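A.B. asks: following is a predicted model, sequence given first.
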Amino acid sequence: MRIATWNVNSVRSRISRVEALVERHDIDVLALQETKARDDQWPLMGLQAMGYDVATLGFNQWNGVALVSRVGLEDVQRGFSGMPQWGEPLADEARAIGATCGGVRVWSLYVPNGRKIDDPHYVYKLDWLARLRDAAKPWLDADTALVGDWNIAPLDEDVFDMAAYAKDTHVTPPERAAFKAFLDDGYVDVVRPHTPGPGVFTYWDYYRQRFERNRGMRIDFVLGSPSLAGRVTTAFIDRDERAGQGASDHAPVVVDLD
DNA sequence: ATGGTTGGCTCCCAA
């Protein structure tokens, strides 16, 4: 079984790339982030014609997550139990959707960006991660994959130039501690062993020719529960998807399970 | 310290 995750940066502007991606890599389950589409705006038809079920979560032009699966899409859950209820401050977000696909519990996650260190969204990010961690602990005993855009570069080697990001979010000690907490609990970064750094990234800013110069960050991850991690045979970052006109600013990350 | 680019949508915000 092949699982992939991709921050698509607008599914409506890139649906043809989504369809080409699942076909090119023979993907069974695709988690998407930053779909930027309300549920009623989602371009479902092509994927459905290809035999995929789609579960979406989006209700404004920002954020949005989805799961695309051709191996079942059961027990769909929109948001985890610790998520703020709609209507609360900062809750106009759509950042987590989970489902059981082919026996694996897959969560498509779009961790809050954090914006600036002195922004309320930074506090929200850390709080959101703490609540996700609490929710995810009981899932360690099953085949669980926490996949998506974590908006954290856990190691110095995951940033093209630490000096350039020294005063920014994504690399601060509290964010890195929040990420490491998942690993301490038993989740495993199943992609890194197959794609060792430095210089291996999943995201490159659009401007300043960051991709062409490979000045990016590794912020998209697949964290597996121990039993799921034991099933991983290979993993890769589809760097070519980031090239050319009309690319997302993120590359897809693909994992194979036996 | 700032800027640069992209998508969605509305005269600008988020990333």
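C.D. replies: Perfect, I can see it now. Just so you know, these numbers come straight off a predicted model, no measurement behind them. Numbering: from 1, shown residues only, chains lettered A, B, ... in the order given.
A.B. asks: how about the strands in chain A?
C.D. replies: Assigned by DSSP state E, chain A shows strands spanning A:2-7, A:29-33, A:53-57, A:65-69, A:74-78, A:96-101, A:104-110, A:144-149, A:188-189, A:220-224, A:232-237, A:253-257.
A.B. asks: would you turn the ones you listed into CSV with mean neighbour count, distance to A:Gln245 and mean pLDDT?
C.D. replies: Quick note: C-beta positions are derived from backbone N, CA and C, even for glycine. Compiled in CSV, the strands of chain A are given as follows (neighbours: other Cβ atoms under 10 Å; distance: least, Cβ to Cβ, whole Å; pLDDT from 0 to 100):
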stretch, mean neighbour count, distance to A:Gln245, mean pLDDT
strand A:2-7, 26, 18, 98
strand A:29-33, 30, 20, 98
strand A:53-57, 21, 26, 97
strand A:65-69, 26, 24, 98
strand A:74-78, 14, 34, 97
strand A:96-101, 24, 30, 97
strand A:104-110, 25, 25, 98
strand A:144-149, 27, 22, 98
strand A:188-189, 18, 32, 98
strand A:220-224, 26, 22, 98
strand A:232-237, 17, 20, 98
strand A:253-257, 23, 22, 98
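A.B. asks: the residue of the stretch 51-200 of chain A found nearest DNA strand B: neighbour count?
C.D. replies: Per Cβ to the nearest atom of the strand, A:Gln61 is where the stretch 51-200 of chain A lies closest to DNA strand B, at 3.3 Å. The local packing of A:Gln61 (other Cβ atoms under 10 Å) involves 11 other residues.
A.B. asks: dump the residue contacts of it.
C.D. replies: By Cβ atoms under 8 Å, 6 or more residues apart in numbering, the residues touching A:Gln61 are A:Lys36.
A.B. asks: tell me the pLDDT of A:Gly87.
C.D. replies: On the pLDDT scale, A:Gly87 is placed at 65.
A.B. asks: contact residues of chain A facing DNA strand B?
C.D. replies: Residues of chain A found near DNA strand B (Cβ under 7 Å from any atom of the strand) are A:9-10, A:12-13, A:34, A:36-37, A:61-63, A:112-113, A:115, A:121, A:164, A:167, A:206-208, A:246.
A.B. asks: can you say which of the residues you listed are buried?
C.D. replies: Buried residues within those, defined by neighbour count using 16 or more other Cβ atoms under 10 Å: A:9, A:34, A:36-37, A:63, A:112-113, A:121.
A.B. asks: ok, A:Met217 to A:Pro138 distance?
C.D. replies: Distance, A:Met217 to A:Pro138, using Cβ to Cβ, to the nearest Å: 31 Å.
A.B. asks: who has more neighbours, these two?
C.D. replies: A direct count of neighbours by other Cβ under 10 Å for A:Met217 and A:Pro138 places A:Met217 higher, at 22 against 10.
A.B. asks: that one contacts A:Pro198, correct?
C.D. replies: No. Using Cβ atoms under 8 Å, A:Met217 is not in contact with A:Pro198; the gap is 11.5 Å.
A.B. asks: in the stretch 151-258 of chain A, what residue comes closest to DNA strand B?
C.D. replies: Nearest residue of the stretch 151-258 of chain A to DNA strand B (Cβ to the nearest atom of the strand) works out as A:Tyr207 at 3.1 Å.
A.B. asks: hey, C-alpha coordinates of the least confident helix or strand in chain A by mean pLDDT in PDB?
C.D. replies: The helix or strand of chain A with the poorest confidence is helix A:162-165; it has a mean of 90 (mean pLDDT, DSSP states H and E). Extracted as PDB, the C-alpha positions of helix A:162-165 are listed here (Å, rounded to 0.1, in the frame of the first residue of the first chain):
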ATOM      1  CA  MET A 162      19.600  28.600   9.800                       C
ATOM      2  CA  ALA A 163      20.800  32.200  10.000                       C
ATOM      3  CA  ALA A 164      18.100  33.200   7.600                       C
ATOM      4  CA  TYR A 165      15.400  31.700   9.900                       C
END
